[in-house]
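# Requesting a structural model of the entry that follows:
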Amino acid sequence: MNSDFKSINLILYIGAINYNSAADLPSEIATLCPAGVDIYFDNVGGNISDAVIANINSYGRIIACGAISNYNDASIPTGPSLLPLVVYKFLSIHGFLIADFAPRFPEGVKQLAAWINSGDLHYSETTINGFEKLPEAFIGLFQGKNTGKMIVQV
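This next block holds a predicted model:
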């Protein structure tokens, strides 16, 4: 037995949704699974997977086994369809946020400072002077008008 698993609380919702007649699939899934979805075995892909993933809980798990909804597509999808690639390339995807590493921030700051002081790490800043130029600076971020961090000095 793997010691990583301390306890498992299992809540099983049994129900069905007719995806062909569902007016709002994500809402129907939310109604059927009011505590969210923790584990999703995906053998379909497409809109159904999108609707389930919209309801998946943080740190949820997806087992991708197929994407039959895409197998016979005659046209290129309007957006990326990642789940078929997850299946065919045997991928594991794990999200993370910088906040996951908050306890190590002091260590990171110390290392980054050492690299800056030694010249091993270089950074750039774009500085705009004047509080009244704050909107211009903000819009400039989205237009790529900055190199490195955008700073507005007041």
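
# and the gap between the residue in the chain sticking out farthest from the centre and Ala137?
Going by C-alpha atoms, centre = their mean, the residue of the chain most distant from its centre is Gly130, 35.8 Å out. Taking C-beta to C-beta, to the nearest Å as the measure, Gly130 falls 9 Å from Ala137. Glycine gets a C-beta too; all of them are placed from N, C-alpha and C.

# Find the residues that touch each one of these two.
Val152 (C-beta atoms under 8 Å, 6 or more residues apart in numbering).

# Please list the residues outside the lengthiest helix in the chain that contact it.
Longest helix of the chain, by residue count under DSSP state H: helix 105-118. Contacts with helix 105-118, where a contact means C-beta under 8 Å, 6+ apart, come from Phe101, Leu121, His122, Tyr123.

# gap between it and the chain center?
28 Å (C-alpha atoms, centre = their mean, to the nearest Å).

# Check which element follows it along the chain.
As assigned by DSSP states H and E, the chain's next helix or strand after helix 105-118 is strand 125-129.

# And the closest residue to Phe131 other than its chain neighbours, what's its pLDDT?
In this structure, Phe131 finds its nearest non-sequential neighbour in Val154, 4.3 Å apart by C-beta to C-beta, 6 or more residues apart in numbering. For Val154, the model assigns a pLDDT of 91.

# Asn117 too?
For Asn117, the predicted pLDDT is 96.

# burial measure for it, as a count.
Per other C-beta atoms under 10 Å, the neighbour tally for Asn117 reads 9.

# Give me the distance between Thr31 and Ile56.
Distance from Thr31 to Ile56, by C-beta to C-beta: 15 Å.

# Between those two, tell me which one has more neighbours.
Ile56 (18 against 12).

# That one touches Gly36, doesn't it?
Yes. Assessed by C-beta atoms under 8 Å, Ile56 is found in contact with Gly36 at 6.7 Å.
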